[in-house]
Each structure stands twice: as structure tokens, then as C-alpha cells.
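>>> for reference, the sequence and a predicted model appear below.
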Amino acid sequence: MNVSHSRLSLAAVGLTLAALVSACEPESADFVAGSVPELVIRATDNDYPETAETVAGLTEVTIDNQGTELHQVALLQLTDGKSFDDFTAYAATAKETDPLPSWAVPAGGPAVAAPGQKASTFVPLEAGTYAMVCNIPDAKGVPRVQKGMIKPLAVTDSEAASAAAPSADVAIKQLDFAFQVPAKVSAGEHVIAVSNTGKQPHEAVLLKLDEGATAADVAAAFAPGASGPPPALPLGGVVAIPAGASQSFPADLTAGRYALLCFLPDPASAQPHVALGMMTEFDVE
Ligand SMILES: [Cu+2]
């Protein structure tokens, strides 16, 4: 079992340390690691091998990518009494540009982790059944959800109060079809809040660009028929969240140029949002 709440046992230690630190330093909005329960989902090429279950409440959902390719954990909450089997039946025949059925509600999750890396997102989990999928296409353009990366996540009711969301110090807004990012982001550890102010679901995939590379180069690397990895280091972000929703994620940013992209399909044009302009670059100094 790699699915754990290992952070819970660390929470008490974290709180004690925080109390000691706060005694000699002014109050800070910084995220105290360990204050939110963590659910680790191990990913391989191409599976989430372990049974995934947890309790309701704000959860740090972490993908531990032990594969050799890029993977994500996109969460879809199954509503209206629909089961995971209903979702797999839908997914077996769905085209990539098809809108999701109304009962499969995008619920965020970590947008991408590079091979050997982890990425986390703070997700407010409700009791019920979720599907975990990886929509990132392989070199042939086949999304990995069609190669076995589709598994259930069972969330049970909890008596305990949900952990408080860590306070974010960087705010990113999603619009139809653009990102708004702060003019300046400093190097260091951040909690980045992503808020969907558009009418469609959106995602925010964060990458640190290689020297001289652009967000457009990254978009091209993910286009159908493209081969080779993107000229950038994938760092996580938030996968699809519905209009009006927000989720945050921790990120340790070093100086350089970064890209944010959204690859979700626009039902009207059947184009990915990135082709409609939903990508941006920003500097970390
Ligand atoms: Cu979008």
C-alpha cells in the first residue's frame, strides 16, 4: 500500500515546530508542511497500482511518478449515483474532444509529474466515488487513460473537521481562454492558488522552460503526432476544475522562465484551450 496519510503522523510534530518558530518570528502566511493529510498515489507506465481510499476533507493529493513518462492524477467526482464501472464504460468509447457526462464532475488533482518526481495539489474531497485518470497523451497521441490509467478513488465520510486550506501567496486566474498571473513572482517556496473565473472547466499545467524555450514550444510538444518531451521541466499544477472552483498547490520555484498551459478541449471548436490562447509565460526572480 502506497496510499497513506503519512502526513497525519507528522502533523503534531509540525504544529509543535510551528509553535516554537512563531514564538520568535512574526506570524507568516507560509504553508506549514504536515497540516493537511496527504494521499499519495503511485503512478507507473501505465497504471495506478494501489487501491486508493481516503476520508473526506481537504487533502494534499500527491502523485509519486515512478514511471518513465509524464503522468497526472485527474480526479473526476462521480455523481447522480453513477459508479466507477459507469465511468469506465463511458471512457471506453469517448473521444478526447467529447464533453464529460454531467455526472462526472472535474475535481482537480496534480496536473503533471516528471518521471521520478512528485507533484501535489490541495483537493477538497467529498465523500463518494472518484475516478483517477491520466489524460496526458503518449508519443503517439494516445491519452494514458486509454492505456490503463483509470482507477477508482473511494472517499468515505469523516467525523473530523476538514483541515484548513494553506494560505496561498501567489494567485493565478483562469479565464476563457487565458491566464492572469502576477507581474512578479519571487524565487522560493510558494502556495499557488488557481481560480477558475471562466465558464468552462480549466486546468493550469506549470512547467519551468528550458533556456530559450517558449510556452508555444511546450504546446507543440504535446500536439497530436508530436514526439519527444517538452523543452521544459513539468512541475505540477491543477488539472481540470469546474467554473467557479479553485484549488491550490505547493511549488518550490527557482529563478527562470515558466509556462502555464491548459489543454482541455473547447466543445464548440473541438480545439484544446491552448490553441485558443490559453497559455502564458512568467518570470521568477
Ligand atoms: Cu482551459
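Sure thing, it's come through. Numbers count the residues shown, from 1 in each chain.
>>> excluding its backbone neighbours, what's nearest residue 267?
In this structure, residue 267 finds its nearest non-sequential neighbour in residue 99, 4.8 Å apart by Cβ to Cβ, 6 or more residues apart in numbering. C-beta coordinates here come from the backbone N, C-alpha and C atoms, glycine included.
>>> let me fix that: residue 139
Nearest to residue 139 is residue 227, by Cβ to Cβ, 6+ apart, at 4.9 Å.
>>> now swap in residue 170 and tell me
residue 192 (4.4 Å).
>>> hmm, back to that, next one: the residue nearest to residue 139 from the ion, what distance?
Separation of residue 227 from the ion (Cβ to the ion, to the nearest Å): 24 Å.
>>> how about that residue, secondary structure?
Per DSSP: H, G, I helix; E, B strand; the rest coil, the local secondary structure of residue 227 is coil.
>>> can you check residue 218 too?
With three-state DSSP as the basis, residue 218 sits in helix.
>>> so it sits against residue 231, correct?
Yes - under the criterion of Cβ atoms under 8 Å, residue 218 makes contact with residue 231 at 6.8 Å.
>>> any shared contact partners between these two?
The contact sets of residue 218 and residue 231 overlap at residue 209 (Cβ atoms under 8 Å, 6 or more residues apart in numbering).
>>> the two: which is more packed in?
Using other Cβ atoms under 10 Å as the criterion, residue 218 and residue 231 rank with residue 218 on top: 24 against 17.
>>> from residue 188, how far out is the closest residue to that one other than its chain neighbours?
Closest residue to residue 218 in three dimensions, ignoring its sequence neighbours and counting by Cβ to Cβ, 6+ apart: residue 230, at 4.4 Å. In this view, residue 230 and residue 188 are 24 Å apart by Cβ to Cβ, to the nearest Å.
>>> higher neighbour count, the two?
residue 230 (24 against 13).
>>> so the more buried one lies in a helix, does it not?
No - counting by three-state DSSP, residue 230 falls outside a helix, being coil.
>>> contacts only, for residue 135.
Neighbouring residues of residue 135 by Cβ under 8 Å, 6+ apart: 72, 74, 96, 143-145, 239, 263.
>>> buried subset of these as a ChimeraX selection?
Buried members of those can be picked out in ChimeraX with the line below, counting by 16 or more other Cβ atoms under 10 Å:
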select :72,74,96,143,144,145,239,263
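>>> what about the residue nearest to residue 170, neighbour count?
25.
>>> can you check the one 4 residues further on too?
The number of residues packed near residue 196 is 27, by other Cβ under 10 Å.
>>> helix, strand or coil: sort out the closest residue to it other than its chain neighbours for me.
Excluding the flanking residues, the one nearest residue 196 by Cβ to Cβ, 6+ apart is residue 174, at 4.6 Å. Secondary structure assignment for residue 174 (three-state DSSP): strand.
>>> residues touching residue 174, list them.
By Cβ under 8 Å, 6+ apart, the contact set of residue 174 is 194-198, 202, 204, 262, 278.
>>> got any ranges where the protein has weak pLDDT?
Counting by pLDDT under 70, the chain contains low-confidence residues at 1-34.
>>> show me it divided up by domain.
Listed by automatic domain parsing, the domain ranges of the chain are 6-156, 170-284.
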